[in-house]
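# Next comes the sequence, and after it the predicted model I'd like to discuss.
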Amino acid sequence: MRFRFLFFLVLMSSSSLVQALPLLFEPTDINVTNFNVVEIINSLSNSILECELIDYRLEHCMQKKVLGLIDPNLSAVPEIHNSTGLVYVTQKNSSDIYGFKINQDGHIAANTTAIKAEGLYLLSPYNSILEFRRYPYSSPRFPNMQQYYFSLVSKNNSGQFGRFVLIDLDNSSVKLKVRFISDDYFPAFVFLPDASHQQQIIAAAGQAGGSSTKDSLRYPLLGALIHDESGLINRNYIGGSRDRVQAVLQSNVASIDKIDGRYWITYKTKKKFTRIDDFPTGKAVAEDSYQAPDNANAILKKLPFTQDHKLINLDAAVFSDDNKIGLCSGFDDFICNDAFRYLDVLLLSNDSSPKPLTTLNSNSLGDHGSIIFRNVNYSPLNTSEVTNNIVIPEVLKDAFSGTCFGKSDFSAMESSDGSGNDTCTLDYDFRNLKNTPPINESFDVGFTVLGPFGEVSTRFHFNINLKTSIPHLRFRKDGKYLSQLNLNAGDSGHLDVTYVGDHGYIVLNMKFLNGGDNSSLLRSYFADTGCLADDSVTLASGDSCTLSYHIPANANNATYSLTLNNPDKVPASDSVMMLEVSSKGSVIAHSPYGNQNINNLTSIHDVDLQAGSQTLLRFTNVGATVAHHFTANFIQPKTHIPLVTSGSCTTQPDLDALGGFCDLTLMLDKSATINGRFQLQISADDIDGYSLPVTIGAFPHDQGLSVVDSHSNNLGEIELTQNSYGYLKITNYTGHQIDNFTITLPQIEGEGSSPIFYADDSNENPANCLSTSSGKQIDNISLKPLASCVIYYKVQSSPYIPEQTNSIKFSYTDNDFGVQKEEQQLIHFTGQSALQLTEPTSNNPIDAVTIDASKPKTTLIFKNTLGYQIKNLNVTASEEKYTSIISNNTCHNRTLDPEEFCTVDLLLNDDNPLIGSSSLKLNSDNLLASTVPLQVQHAQTDTVEIDNRGGYAMYVDYTGFYPNTSGHDSHCKTSSPCYSGASTGSFTNPFNGKIIGVSGRNIRMNMILGTSVVLPSCDGGKVICTGTTLNPSCQYVGDGTDDKLSSQNLCLKYNATK
């Protein structure tokens, strides 16, 4: 004891100089209490390292001392039924047991003291505890009295090494009671998580019966323990002796567990972990055919972990001699990664609150924010453990600053505001850039911590796509920079010249060119105001001036250019704007009464109709080109409106230039009951089409703007789902031009760094309302009467946007009354996928597909939850090899109407079950591409006992799993794992057979020289076969109790009804 203490002092001294990761001093066990709190036993320091399991890693780790805790070794945690709970700990090289209190939140209570259990005299014949596990079942009538299994070493009897003993521990009094002492010897055992209510599956390395010494060989064993409130009432084992197994294990086994369908055994001396696939009766897998550690004193332990309201069992390995803990996988090789998280990262973007994101996609020079790296444990990270991996590309260095540069250590986690040495920030502000060429950079920044398993990286990724930013002049219209402007004869409007830069000023100089020559005609199209008010307009940083234009109705087709006096390094595309003037028709709606001279016509911008009324409109071409095939088409919504159009406009006439016209009568039947605003679409071969709003009934007349979804064209609340994309079309129905139009976008819960509403510069028509540098508010938009602009939206599958209703707000001046008007458009995020995925057995949506061979066929239902069609839907496998499991696909090139569904059948093949992870791809013409995770798991197995009580020999056929590790298993047709037929071999009355077969399949009881009986497989069931060879009867039988939750009794439902 003195030597261990002195060694600990030396270790503490060296650790303070070299290593300051979460401190482990000969860790011997690990357990989870409430709310994912984890307690790690540090045997050498007589302490507990308390952590929290967060997103599959340990963090917030803190050393805690428990008074009275000496040489702690193994631990177990009872169920917590009141405000406090306990952690039980055994003492090394002793049969003593202690308990200390934890709070209801799972953390160790303040100033807690370990209390020695009462009744330890009952364990006085034993001098040490090898294994200590809580039995998962506890009585609802006696919640504080819980049952535990021990593996004990006898003081005086050398033939009782690892004796299997059942003990009660009373949580309220820490009182011990020996319940049952078996004649079995299990130095290492584990309870498997796939248990029923009162039956627990146990896997062990030891011996069933006989005697056991420290040097005895150990044998694999698989069994079932059946309990009630009185304790153990029955136990059944397979293996456990030399004549029943093929794998023989060394005497010094340390631990056993089932991980990813394989059984793994560790040892107390240096030896490669043993793997057994066909447990317990099969051979151990050849050690040279898999990778695994060879560390001594490694303890395997399940960590039950709650994530997103789901219980997940993580597989941990505690390497006592090496002072490390890993989270491991064991499907083919035994691979461990560091169980600890050392740093985490947060993104604070554009003055938003910090979010746990690891990527920034930026295409805006206005983006700014901070990347925050934090120590997440109450122990420092020293310079020798931390590598700084922050390297900024040369072209972006002016945008970055902060305390992360040069940082090489982190102090212990603090509970303050994050300004201490436990945190650093990497600040970015792209407004500081003065780049000449565009910037396209993709890079990682972060830190690497050297842990016991190697390097652990914490990274943040930047995708940067920025345009030029040297001081210069740009043409701009409606918040969007221009290099091309297309106008028609008769158009009027304005655009801006903006000084882009963060310092200085510039004197504006502009050329109006036709080819390479100055064009006085082009200059005459622009008013002598704003930018052209005098010869020396000066613009400072961020200033703009206005170019107002009017293209005469008789203007001819021509191509011009406007050129700005920019520095030579500015790309020509930023200095020159091409101007295309087209001599097009221009058709306006107006009253057919009064002066009809085209210079005196007043446009009509909306039409009102009530039930039983009609109105007469005249459409006149005021442009310089004939408008061929003129059409005025009323768009019917889903609910038909009894509206009839008549007149000369219904024949698709050609309207001559400068005065050609036709008339249209709209008549609404008196039976109409609908209220709303609908559209009369105006089009011709030679004009820019537009929509004329038709207001029916009691729709609000003071609403000057319409907002419709590109997919539905319906007015009213707009619904957006995950994976949807399109645009919102905003149309000016005020009757006058809006020059001070402001749009305010909502703050959306769950929105990531990529905004949902955005501008798409790749689409010139329709025009963007936003610009690529827009924030949440966009000012000074210009919109002509009946003109439209669009806001693009994209709701990706991740991040998830929860159900919520927001509004886009609009502000503009009503020129008719000179007042500021406010309008809004409600946007409802449904929180659902556009394609809802369900299975026939439930209407609850699922977001991932998990299948296995116990149910080879699975039907997936894809339902359209949108208010419009999903066009050309395709559901395919992401990987070619998984294409074979799609057996019937009605979702191929399918168009789904609202609420319509299609199905995809997945059919697994026993010969090649394709166990592993993949995904299904979902593609359509009008949805974002997405994937559905697909997991093909190992099928669960059923353990069934069949008793022969008939008159002749019998055997049982069932479906078994063959891992085919050699690639040459005769049961399998390929080199991959497979499911295939298996048989027990024959046995006679009064013997029995026991099978472990695939769940969900049938088992066939065959009478030799007779007939057979088929029953569904049922885990924990017992079948008794009676009768003759030609008339056998095989039925599941109960366990003789009234316990409806007993596994054996539950199987009675599979008996054929008579």
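Looks like it came in fine.
# who does Q307 bridge with?
K310 (DSSP bridges).
# In terms of helices and strands, where is I743?
strand 738-744 (DSSP states H and E).
# now S575: how far from S536?
Computed as C-beta to C-beta, to the nearest Å, the S575 to S536 distance reads 19 Å. Where you see a C-beta, it was placed from the backbone N, CA and C, and this is true even at glycine.
# If you count surrounding residues, which of these two has more?
S575 (19 against 8; other C-beta atoms under 10 Å).
# Test my guess that the more buried one contacts Y481.
No - at 11.5 Å, S575 does not count as touching Y481 under the criterion of C-beta atoms under 8 Å.
# related to what we said a few turns ago, if you count neighbours, what's buried in the strand holding I743?
Within strand 738-744, the residues that qualify as buried are 738-739, 741-744, counting by 16 or more other C-beta atoms under 10 Å.
# Could you do stretch 900-913 as well?
Buried residues in stretch 900-913, counted by 16+ other C-beta under 10 Å: 901-902, 904, 906, 908-910, 912-913.
# which residues of the stretch 751-900 of the chain score low on pLDDT?
Along the stretch 751-900 of the chain, segments meeting pLDDT under 70 span 762-766, 772-775, 815-818.
# need the helices for this protein, in chain order.
Taking DSSP state H as the test, the helices found in the chain are 2-18, 520-524, 572-575, 1047-1050.
# Comparing those by mean pLDDT, which bottoms out?
Set side by side, those differ in mean pLDDT, and helix 2-18 is lowest with a mean of 39.
# what residues are up against the residue most central in space within the chain?
Closest residue to the average C-alpha location of the chain: S798 at 6.3 Å, with C-alpha atoms, centre = their mean. Listed by C-beta atoms under 8 Å, 6 or more residues apart in numbering, the contact set of S798 reads G752.
# For it, give its distance to G1020.
For S798, the distance to G1020 - C-beta to C-beta - is 41 Å.
# And for V318?
To G1020, V318 is 32 Å away according to C-beta to C-beta.
# Neighbour count: these two, which is higher?
Shown here are V318 and G1020; by other C-beta under 10 Å, V318 has more neighbours (25 against 22).
# on that earlier part again, how distant is the strand holding I743 from the center of its chain?
Offset of strand 738-744 from its chain centre (C-alpha atoms, centre = their mean, to the nearest Å): 37 Å.
# Can you name every helix or strand that it contacts?
If you count contacts as 3 or more C-beta pairs under 8 Å, 6 or more residues apart in numbering; DSSP states H and E, strand 738-744 packs onto strand 725-732, strand 777-783, strand 804-814.
# what angle sits between that strand and strand 777-783?
In terms of direction (axes from the mean of the first three to the mean of the last three C-alpha atoms, to 10 degrees), strand 738-744 departs from strand 777-783 by 150 degrees.
# and strand 738-744 with strand 804-814, angle?
Interaxial angle of strand 738-744 relative to strand 804-814 (the same axes, to 10 degrees): 160 degrees.
# Given strand 738-744, what are its sheet partners and their directions?
According to DSSP bridges, strand 738-744 forms sheet pairs with strand 777-783 (antiparallel), strand 804-814 (antiparallel).
# in the last one, what counts as buried?
Read that as strand 804-814. Neighbour counts over strand 804-814 (16+ other C-beta under 10 Å) mark 806, 808, 810-813 as buried.
# The shortest one now?
Neighbour counts using 16+ other C-beta under 10 Å place 778, 781-783 of strand 777-783 among the buried residues.
# what angle separates that strand from strand 725-732?
Relative orientation of strand 777-783 versus strand 725-732 (the same axes, to 10 degrees): 60 degrees.
# Strand 777-783: how far from the chain's middle?
Using C-alpha atoms, centre = their mean, the offset of strand 777-783 from its chain centre is 36 Å.
# Repeat that for stretch 516-523.
Centre to centre, stretch against its chain (C-alpha atoms, centre = their mean), the figure for stretch 516-523 is 58 Å.
# ok, the residue nearest to G585 when sequence neighbours are not counted - contacts?
Among residues not flanking G585 along the chain, A627 sits closest, at 3.4 Å (C-beta to C-beta, 6 or more residues apart in numbering). For A627, the contact set (C-beta under 8 Å, 6+ apart) comprises 585-587, 621, 654-655, 660, 684-687.
# any chance of the residues you listed in JSON lines, plus pLDDT, distance to L130 and neighbour count?
Formatted as JSON lines, these follow (pLDDT from 0 to 100; distance: C-beta to C-beta, whole Å; neighbours: other C-beta atoms under 10 Å):
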{"residue": "G585", "pLDDT": "84", "distance to L130": "94", "neighbour count": "28"}
{"residue": "S586", "pLDDT": "85", "distance to L130": "93", "neighbour count": "23"}
{"residue": "V587", "pLDDT": "90", "distance to L130": "93", "neighbour count": "26"}
{"residue": "N621", "pLDDT": "91", "distance to L130": "98", "neighbour count": "29"}
{"residue": "D654", "pLDDT": "96", "distance to L130": "99", "neighbour count": "16"}
{"residue": "L655", "pLDDT": "95", "distance to L130": "98", "neighbour count": "25"}
{"residue": "G660", "pLDDT": "94", "distance to L130": "101", "neighbour count": "20"}
{"residue": "A684", "pLDDT": "94", "distance to L130": "91", "neighbour count": "26"}
{"residue": "D685", "pLDDT": "90", "distance to L130": "91", "neighbour count": "15"}
{"residue": "D686", "pLDDT": "80", "distance to L130": "93", "neighbour count": "22"}
{"residue": "I687", "pLDDT": "85", "distance to L130": "90", "neighbour count": "21"}
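# Go through stretch 750-768 and flag the buried ones.
In stretch 750-768, counting by 16+ other C-beta under 10 Å, buried: 751-753, 755-759, 766-768.
# er, stretch 208-216 actually
208, 212, 216.
# Any chance of these in a markdown table with distance to N31 as columns?
A markdown table is the format used below for those (distance: C-beta to C-beta, whole Å):
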| residue | distance to N31 |
| --- | --- |
| A208 | 28 |
| S212 | 27 |
| S216 | 29 |
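# Can you tell me which of the residues you listed is nearest I30?
When the buried residues of stretch 208-216 are compared for distance to I30 (C-beta to C-beta), S212 wins out at 27.0 Å.
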